[in-house]
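**Student:** here is my input, please return the structure:
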Amino acid sequence: MSSPNQLIPELPELAPAVQAETLPPAVINPGAEDPPWNGPDLLIIGLVFVVALFFFSMVFLGVAAGSKHGISASDLGKNQSPLVIVPTMTLAYVAMLAAMYVLVTRHRKRPFWQTVGWRWPDPTLQVGCLAAGGVLAIGLGLLSQLLPIPKSMPMDQFFRDPQGAYLMAFFGVAIAPLAEEMLFRGFLYPVLDRWLQTLFMVRQQVLRGGLWLLLLAPWGYAEHKLPVKGSVLLALGALLITGGIFLARSVANRGVPMRAGLFPGIGFFVWGLASSALSGRASTLATAALFAIGLVLMLFGLATQLTPRAAGWAGRFLAVSITAMAFALVHSEQLGRAWAPLLVLFVVGLVLTITRAVTRSVAPGFLIHAGYNLTLFLSLYVLTDHFRHLERITQ
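**Tutor:** Okay, the predicted model is just below:
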């Protein structure tokens, strides 16, 4: 009869032989983030936000149309005012944050603020973070003078009267930084960091990642060339096909979820929608960047097995870059899809995401974000003489 001491050495010899054939290596890099949520959870949170945004926009467009005789809801939809945008976005963000809270506290049984990494820095550092946001706004403002920033952008319609300007200032300083930092740095970045650092731990996964990007580059370019409706339908079709394959593989595996193909499918869906929102030049640059990164990954995968430290650096670099890119693309419609202001927001996203990666906390980035937006609105307040001469924005 074997004793426990005799059995323990035998297990490592038997388990890898089975796992090597049935499951891909899933060793998380020791330095990676390890949130209790995953890609499908992020997709659900995103769907909650989109549905809430659609619902509340219909509600407030109806209210606005009913209070303005002679103006249809379609006209209001084309020229939305802050009276519609601010309450719609605020309530959609509340729904999104509520979904996050339920996911963490009810489904994952974790304390919310501690799990998302919200830790306030010391009071002195809090002031420093706000000041850093102001310095970032001034520095990028000076840089913008060297870039071809359009004089007029779609977001200018929100600043047609003092009432709208005050509402947008309130939203931009008090609401948007919290919601956006929770979404991008609180929830999206940790998932990307864990996934990409894990990917770089295994050569085969690096090769698959490179191949995926090589396929993603022409996919996004083709989506950009399609009409908006065609692009949305194609992206939705890719998501449904991926979901069907995921379910079929899970059933064939006796109910065990097979998530290996789910992330690429979500990536095709998200990038398909995002690429349709880019300008022609931005789409070309993004396609070239994805193609170049894909080639580099393929070369890495063919050349050598990365050490855990090197895999961590490579994965985190991509996680930070993708999070910053997603942050910029969300604002592309407001900026008229112009590449220069998108580049500025990409730099802002880089600073905020690097802050999150270094501090392992969302709060410092929130303060920098709030300080950045506060500086922009204070500058606009002074430039327009207390929002009384808003025509100076486009001069």
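
**Student:** now do the SS call for Ala52.
**Tutor:** Three-state call for Ala52 (DSSP: H, G, I helix; E, B strand; the rest coil): helix.

**Student:** burial count for the closest residue to it other than its chain neighbours?
**Tutor:** Closest residue to Ala52 apart from its sequence neighbours, by CB to CB, 6 or more residues apart in numbering: Ala95 at 3.7 Å. For every residue, glycine as well, the C-beta is placed using N, CA and C. By other CB atoms under 10 Å, 18 other residues sit near Ala95.

**Student:** isn't Ala95 up against Leu47?
**Tutor:** No: here Ala95 does not reach Leu47: they are 10.7 Å apart, not a contact under CB atoms under 8 Å.

**Student:** where does the protein have low pLDDT?
**Tutor:** 1-28, 64-80, 243, 246-247, 250, 253-264, 277, 279, 394-395 (pLDDT under 70).

**Student:** returning to that earlier point: does the residue nearest to Ala52 lie in a helix or a strand, and which?
**Tutor:** Element membership for Ala95 (DSSP states H and E) is helix 82-102.

**Student:** on contacts alone, who are the packing partners of that helix?
**Tutor:** Applying 3 or more CB pairs under 8 Å, 6 or more residues apart in numbering; DSSP states H and E, we find helix 82-102 packed against helix 39-67, helix 162-170, helix 176-180.

**Student:** relative to Trp219, which of the ones you listed is closest?
**Tutor:** helix 39-67 (18.2 Å; CB to CB).

**Student:** that closest one vs helix 82-102, what angle?
**Tutor:** 150 degrees (axes from the mean of the first three to the mean of the last three CA atoms, to 10 degrees).

**Student:** need the contact list for the nearest residue to Leu147 once chain neighbours are set aside.
**Tutor:** Of all residues not flanking Leu147 in the chain, Ala340 sits nearest, at 4.0 Å (CB to CB, 6+ apart). Going by CB atoms under 8 Å, 6 or more residues apart in numbering, Ala340 touches 144, 147-150.

**Student:** buried stuff in the helix holding Ala95?
**Tutor:** 82-93, 95-97, 99-100 (16 or more other CB atoms under 10 Å).

**Student:** starting at the chain centroid, how far to it?
**Tutor:** For helix 82-102, the distance from its own C-alpha centre to the chain's C-alpha centre is 16 Å (CA atoms, centre = their mean, to the nearest Å).

**Student:** relative orientation of that helix and helix 162-170 in degrees?
**Tutor:** Going by the same axes, to 10 degrees, helix 82-102 makes 20 degrees with helix 162-170.

**Student:** so what touches helix 82-102?
**Tutor:** The contact list for helix 82-102 (CB under 8 Å, 6+ apart) reads 44-45, 48-49, 52-53, 56-57, 59-61, 64, 76, 112, 116, 158, 163-165, 167-168, 170-171, 175-176, 178-179, 182-183, 186-187.

**Student:** buried set for stretch 40-47?
**Tutor:** In stretch 40-47, counting by 16+ other CB under 10 Å, buried: 41-43, 45-46.

**Student:** check stretch 203-222 too.
**Tutor:** So stretch 203-222, judged by 16+ other CB under 10 Å, has buried residues 205-210, 212-214, 216-217, 219-221.

**Student:** between these, which is nearest Ile393?
**Tutor:** Gly220 (32.5 Å).

**Student:** quick one: contacts for the closest one?
**Tutor:** Residues near Gly220 by CB under 8 Å, 6+ apart: 271-272, 274-275, 283, 286-287, 290.

**Student:** do the same with Phe170
**Tutor:** Contacts of Phe170 (CB under 8 Å, 6+ apart): Val86.

**Student:** what does Gln197 give?
**Tutor:** Contacts of Gln197 by CB under 8 Å, 6+ apart are 28-29, 31-32, 311-312, 314-316, 319.

**Student:** could you do Phe300 as well?
**Tutor:** Applying CB under 8 Å, 6+ apart, the residues contacting Phe300 are 200, 206, 210, 306, 314.

**Student:** which pair of these spans the longest distance?
**Tutor:** Once CB to CB is applied, the contacts of Phe300 give Gly210 and Leu306 as the farthest pair, at 13.0 Å.

**Student:** out of the buried residues of stretch 203-222, which are inside helices?
**Tutor:** Judged by DSSP state H, the buried residues of stretch 203-222 include 205-210, 212-214, 216-217, 219-221 as members of helices.

**Student:** what is the most widely separated pair among those?
**Tutor:** So, those by CB to CB: farthest apart are Gln205 and Tyr221, at 25.1 Å.

**Student:** sorry, back to before: can you put the helices and strands packed on helix 82-102 in CSV and add distance to Arg106?
**Tutor:** Listed next are the helices and strands packed on helix 82-102 as CSV, based on distance: least, CB to CB, whole Å:
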stretch, distance to Arg106
helix 39-67, 12
helix 162-170, 31
helix 176-180, 20
